[in-house]
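**Q** Attaching a predicted model along with its sequence, questions to come.
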Amino acid sequence: LADLTKQGKVVVLEWYNPECPAVHEHHKGNTFFNELHESYNSKGVVFLAVNSSAAGKEGSDKQRNIDSIKEFNLPYPILLDPEGTVGKSYGAKTTPHVFIVGKDGKLVYQGAAMDRKDRTNYVKAALDETLAGKPVTKAETKSWGCSVKYASK
């Protein structure tokens with residue numbers, strides 16, 4: 001992440017579980033994230049999916065994650081975080097749960113990808129403001145989806 005922000009990149013982290021119906025809603029029947037990637041990748045925005053499902057929990061299978069890249073035509077990588085270290089450090093609660101890190105390495109947005117009812121695209125709004133050098137008007141929203149399948153303590 002530090003290397004990307006040193007290069008002047010904005011980074012979108014999407015918490016991901018290939019078995020979660022909400023992730024399917026954003027990827028399989030809807031090209032929500034693919035369209036965002038297509039619109040913003042050329043503007044210096046890097047997209048990364050992060051799967052913090054613990055070994056043996058729903059969505060943790062490495063091959064299932066690889067297969068989901070093809071299934072959803074995912075144009076960016078899925079990083080596996082089976083210990084939940086990265087997920088817990090960000091406070092990721094759901095899949096999807098989106099975190100946007102600005103060029104300076106500071107968190108500029110966290111929450112839902114879109115509004116569950118009116119479908120407002122929070123990620124697009126946050127990216128547009130960030131790329132214009134403005135503070136994000138709605139810097140935090142409540143994420144929704146499946147719970148992240150962290151290891152039990």
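**A** Cool, got the structure. Here the structure is a predicted model, which is why all the values come from computation and not from measurement.
**Q** By mean pLDDT, which helix or strand of this structure comes out lowest?
**A** Here the helix or strand of the chain ranked lowest by mean pLDDT, DSSP states H and E is helix 2-6, holding a mean of 86.
**Q** Just after that helix, pick out the following helix or strand.
**A** strand 10-15 (DSSP states H and E).
**Q** what's that next one packed up against?
**A** Counting contacts by 3 or more C-beta pairs under 8 Å, 6 or more residues apart in numbering; DSSP states H and E, strand 10-15 packs against helix 32-40, strand 45-51, strand 98-101, helix 122-131. Where you see a C-beta, it was placed from the backbone N, CA and C, and this is true even at glycine.
**Q** Looking at these, spot the one closest to K57.
**A** K57 sits nearest to strand 45-51 of all the helices and strands packed on strand 10-15, at 10.1 Å, using C-beta to C-beta.
**Q** Pull out the buried residues from that closest one.
**A** V45, V46, F47, L48, A49, V50, N51 (16 or more other C-beta atoms under 10 Å).
**Q** okay, it in CSV with CA atoms only?
**A** Provided in CSV are the C-alpha atoms of strand 45-51 (Å, rounded to 0.1, in the frame of the first residue of the first chain):
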residue,chain,number,x,y,z
VAL,A,45,-6.7,4.4,-9.0
VAL,A,46,-5.7,0.8,-8.0
PHE,A,47,-8.4,-1.7,-7.0
LEU,A,48,-7.7,-4.6,-4.8
ALA,A,49,-10.0,-7.2,-3.3
VAL,A,50,-9.2,-8.6,0.1
ASN,A,51,-10.5,-11.8,1.5
